[in-house]
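> Coordinates only, no sequence provided:
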């Protein structure tokens, strides 16, 4: 009896494997054949190689990952020293791509977006957001209508040879001037300027 159970188990296993193989073959999708009379699909175009130093390529200055981390760390340390542990600090490139973000203890969700938008506004427009806020008149369309921007104090640009390459923003302090003091401390960590 024992031997018959083993034979039956072996046969059942074989039948399952065979069934699975037939099922897989039946459900496999064959490659699509070209329609009668139609031309075969064209080969993909090769990648175009642009030579370094070409007039077709733009060089871009960026803040390194180490400097970005130092900047957000210094900004948050300033806020913590000022008893503001509930802020977020963001450093973005001039296109708004986040390079570093540090959220303080107890920082609310909205502080993340605030910090990123202040950083982007400062980077894109090349001026501190406190200064840019003074340009808002409230009379019709203005720079404050630009998508992704926030014209509240707390954003500071980082420049290379006078050209904005990044921005650091802080959001969450009860006064934008406190946010901006922290952002300035972060910028000073990268530029070496006192702040």
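Cool, got the structure. Only a predicted model underlies this, so the values are computations on that prediction, with no experimental measurement involved.

> Which residue ranges of this protein form strands?
For the chain, strands defined by DSSP state E occupy the ranges 88-93, 98-103, 155-160, 163-171.

> Just name the most buried of these.
Mean neighbours per residue, mean count of other CB atoms under 10 Å, is largest over these for strand 88-93, with a mean of 30. All C-beta atoms are positioned from the backbone trio N, CA, C, and that covers glycine.

> In its sheet, which strands sit next to it, and in what direction?
Partners of strand 88-93 in the sheet, by DSSP bridges, are strand 98-103 (antiparallel), strand 163-171 (antiparallel).

> what distance separates it from the centre of its chain?
Its chain's C-alpha centre lies 10 Å from the corresponding centre of strand 88-93 when counted by CA atoms, centre = their mean, to the nearest Å.

> try stretch 130-143
Taking mean C-alpha positions (CA atoms, centre = their mean), stretch 130-143 and its chain are 27 Å apart.

> Would you mind listing the buried residues in it?
Buried residues in stretch 130-143, defined by neighbour count with 16 or more other CB atoms under 10 Å: 130, 132-133.

> can you list contacts of that stretch?
Here stretch 130-143 makes contact (CB atoms under 8 Å, 6 or more residues apart in numbering) with 121-122, 125, 144, 149, 151-154, 176-177, 180.

> among these, who's most crowded?
Using other CB atoms under 10 Å as the neighbour test, the contacts of stretch 130-143 are led by residue 154, with 35 neighbours.

> The residue nearest to that one when sequence neighbours are not counted: how many residues sit nearby?
Sequence neighbours aside, residue 179 is the residue nearest to residue 154 in space, at 3.1 Å (criterion: CB to CB, 6 or more residues apart in numbering). By the criterion of other CB under 10 Å, residue 179 has 32 neighbours.
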